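**Student:** Coordinates for the following, if possible.
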Amino acid sequence: MTAAVGAALGRLFGGLISPTVGWIAAGVAAANGLLSGWRRIYAWRNRDGALAFVLDSTWGVVMVAAALLSHGWAAVRRTAQNEASLSTRQNRHVYRRGAQLQPGYTLTLGNVISGAGNVDEPRRRRLITDHEGVHVWQARWFGPFYPIVYALWGLGGSVAGVVVWLRGGRSKPLGAVMQSIAYYSNPFEWWAYSRDAYWPPSGAVGAGWKKPAARPLADVRAKRARH
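**Tutor:** Residues are numbered from 1 along each chain as shown. The predicted structure follows:
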């Protein structure tokens, strides 16, 4: 049922662009619906679950297509290990291993978080819920603009990092300056690190935003618990 409804939503949304795009979107949304329904990731009993499903099948379908690549890699490797405790009814897929750009780092594509690592450790678990989980929703809210803005900021930030390094007298490592501007200062990362109560990050070297972008999610949950 999740696959069928997802396909219908994807076809309707993509069809606004062209018939071909409509069928492609339908295929992606159907595949996502099949996997997500099978693993029961959507929290249907609250509005976030329904909203996540609709966005994944429509506006966020581009990043969901990328997420299918993570699923594919996990299937090929067979050691990715789906982490049900962070996935079931939590509107996301989480793999302990799976696709990674660097060993030890997580990779979030659409509604799939790979390389979660040892989530039995409280700090690592919070990284998934309070940082990577934010990226999952960013991909939904910003849809096709999310990867475009992220990539353009990375490219522009790398160039800006070289300029800052040259003007700053080369007192800090070039790589660290470029990373601070291209990665840590990326608005999407600034937002996620802030939600994780980890701003500024230890790897930043001073170039970038001075204050957090938002309240930590831990504070938000604590306030709700008091009420």
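**Student:** For the helix or strand of the chain with the lowest mean pLDDT, list every residue counted as buried.
**Tutor:** Between all helices and strands in the chain, the lowest mean by mean pLDDT, DSSP states H and E belongs to helix 217-226, at a mean of 90. Neighbour-count burial for helix 217-226, with 16 or more other CB atoms under 10 Å as criterion, is recorded at L217. Yep, even glycine has a C-beta here, placed from its N, CA and C like the rest.
**Student:** got the CA coordinates for it in PDB?
**Tutor:** Below are the C-alpha coordinates for helix 217-226, written out as PDB (Å, rounded to 0.1, in the frame of the first residue of the first chain):
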ATOM      1  CA  LEU A 217      17.100  19.600  20.200                       C
ATOM      2  CA  ALA A 218      18.100  18.300  23.700                       C
ATOM      3  CA  ASP A 219      16.900  21.600  25.200                       C
ATOM      4  CA  VAL A 220      13.600  21.400  23.100                       C
ATOM      5  CA  ARG A 221      12.900  17.900  24.300                       C
ATOM      6  CA  ALA A 222      13.700  18.800  27.900                       C
ATOM      7  CA  LYS A 223      11.300  21.700  27.800                       C
ATOM      8  CA  ARG A 224       8.500  19.500  26.300                       C
ATOM      9  CA  ALA A 225       9.100  16.900  29.100                       C
ATOM     10  CA  ARG A 226       8.600  19.600  31.800                       C
END
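**Student:** and it, how far from the chain's centre?
**Tutor:** Relative to the centre of its chain, helix 217-226 is centred 22 Å away, using CA atoms, centre = their mean, to the nearest Å.
**Student:** hmm, who's touching that helix?
**Tutor:** When contacts are taken as CB atoms under 8 Å, 6 or more residues apart in numbering, the neighbours of helix 217-226 outside the stretch itself are R126, T129, D130, V134, R195, D196, A197.
**Student:** The second one: what's it in contact with?
**Tutor:** For T129, the set of contacting residues under the criterion of CB under 8 Å, 6+ apart consists of L86, L217.
**Student:** The protein: strands as residue ranges?
**Tutor:** In the chain, strands defined by DSSP state E lie at 93-94, 107-109, 112-114, listed in chain order.
**Student:** Excluding covalently adjacent residues, which one is nearest to the spatially most central residue of the chain?
**Tutor:** The centre of the chain sits closest to H135, judged by CA atoms, centre = their mean, with a distance of 3.0 Å. The shortest distance from H135 to any residue other than its chain neighbours is 4.3 Å, reached at T108 (CB to CB, 6 or more residues apart in numbering).
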